[in-house]
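> what follows is a predicted protein model with its sequence.
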Amino acid sequence: MKPIRIAALVAVGAAVVAFAGVGRPDLAGGASEPSGGITVSGTGTVESVPDEAQFSLGVESKGGTAREALAANSERMRRVLAALYAAGIAKGDVQTQNVSVSRSYPENGYSADNSVSVTVHDLARAGSILDAATNAGANDVYGPTLTRSDQHELQAKALRAAVDDARAKARILADAAGVQLGSVTAIIENGDEPMPMYEARVAKLASSAPIEPGKQQTQATVRVTFAIG
């Protein structure tokens, strides 16, 4: 029986060696590890002047009962919406944000609120549109949030600039290391939101509500790996 046990141990040892070769193909087949590369980060920035604005316009009304407060508020908001549409705002650019009724203290009555988000595509008309809304009864105005209508195109330009920046850095590293820069093997994008960058430039509006567009930066950051030879 003793020789049989020794033979079994030898068989187990051979199996372990075989599986070790499967787990590490470089040892099993004698292949060398893959060559490395150069990995760098690149940043692209595109500056632009905003051409759109988004505002929040609200109406607050009070009443002795919740029904009275809501009725007065609804009528007032209808006038605000009519003024916006008459000023050239499309219905697709107006969206209700909030409608609420709550107890008002210490008057012992009720307060109703209704607010809408309004997008103005012509920044030069933003002031006159705000005037029209406030004259119609809007008494809560917040904003603006300034954006670009071609934001997708600006983001694409920033991405291209980021890749160019990464390639320039990789070439410097390759020259310093004395190797040949190869093709791109991997790209990872890290998205960035547009960032405002203000300057002293005020839009000339016909109304008393000037809007300062300033500038904004659209940035893109990428991480690129290049092969080397």
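Done, it's in. Numbering: from 1, shown residues only.

> Ala158 and Leu123: what is the separation?
Taking C-beta to C-beta, to the nearest Å as the measure, Ala158 falls 22 Å from Leu123. In short, each C-beta sits where N, CA and C put it, glycine included.

> residues of the longest helix anywhere in the chain that come out buried?
Longest helix of the chain, by residue count under DSSP state H: helix 151-177. Within helix 151-177, the residues that qualify as buried by neighbour count (16 or more other C-beta atoms under 10 Å) are 151, 154-155, 157-159, 161-163, 165-166, 169-170, 174.

> could you redo these as CSV and give each row distance to Ala186 and pLDDT?
As requested, the buried residues of helix 151-177 are exported to CSV (distance: C-beta to C-beta, whole Å; pLDDT from 0 to 100):
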residue, distance to Ala186, pLDDT
Gln151, 27, 91
Leu154, 25, 95
Gln155, 21, 94
Lys157, 22, 96
Ala158, 20, 95
Leu159, 15, 96
Ala161, 19, 97
Ala162, 14, 96
Val163, 12, 97
Asp165, 16, 97
Ala166, 11, 97
Lys169, 15, 97
Ala170, 12, 96
Ala174, 16, 95
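
> where does pLDDT dip in the chain?
1-35, 191-209 (pLDDT under 70).

> okay, domains of it per the record?
Following automatic domain parsing, the chain resolves into domains at 37-49+150-228, 52-146.

> just the strands in the chain please.
Taking DSSP state E, the strands of the chain run over residues 37-48, 52-63, 94-104, 109-120, 140-147, 181-191, 195-197, 215-228.

> now the ones you listed as TSV including mean neighbour count and distance to Leu84?
Listed next are the strands of the chain as TSV, based on neighbours: other C-beta atoms under 10 Å; distance: least, C-beta to C-beta, whole Å:
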stretch	mean neighbour count	distance to Leu84
strand 37-48	18	27
strand 52-63	20	8
strand 94-104	13	6
strand 109-120	21	6
strand 140-147	17	12
strand 181-191	13	33
strand 195-197	12	25
strand 215-228	19	25
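
> nearest to Gly88 among the ones you listed would be which one?
strand 109-120 (9.3 Å; C-beta to C-beta).

> just to revisit the earlier point, angle of the longest helix of the chain against strand 37-48?
140 degrees (axes from the mean of the first three to the mean of the last three C-alpha atoms, to 10 degrees).

> which elements pack onto helix 151-177?
strand 37-48, strand 181-191, strand 215-228 (3 or more C-beta pairs under 8 Å, 6 or more residues apart in numbering; DSSP states H and E).

> now the angle from that helix to strand 215-228?
With the same axes, to 10 degrees as the basis, helix 151-177 and strand 215-228 are set at 40 degrees to each other.
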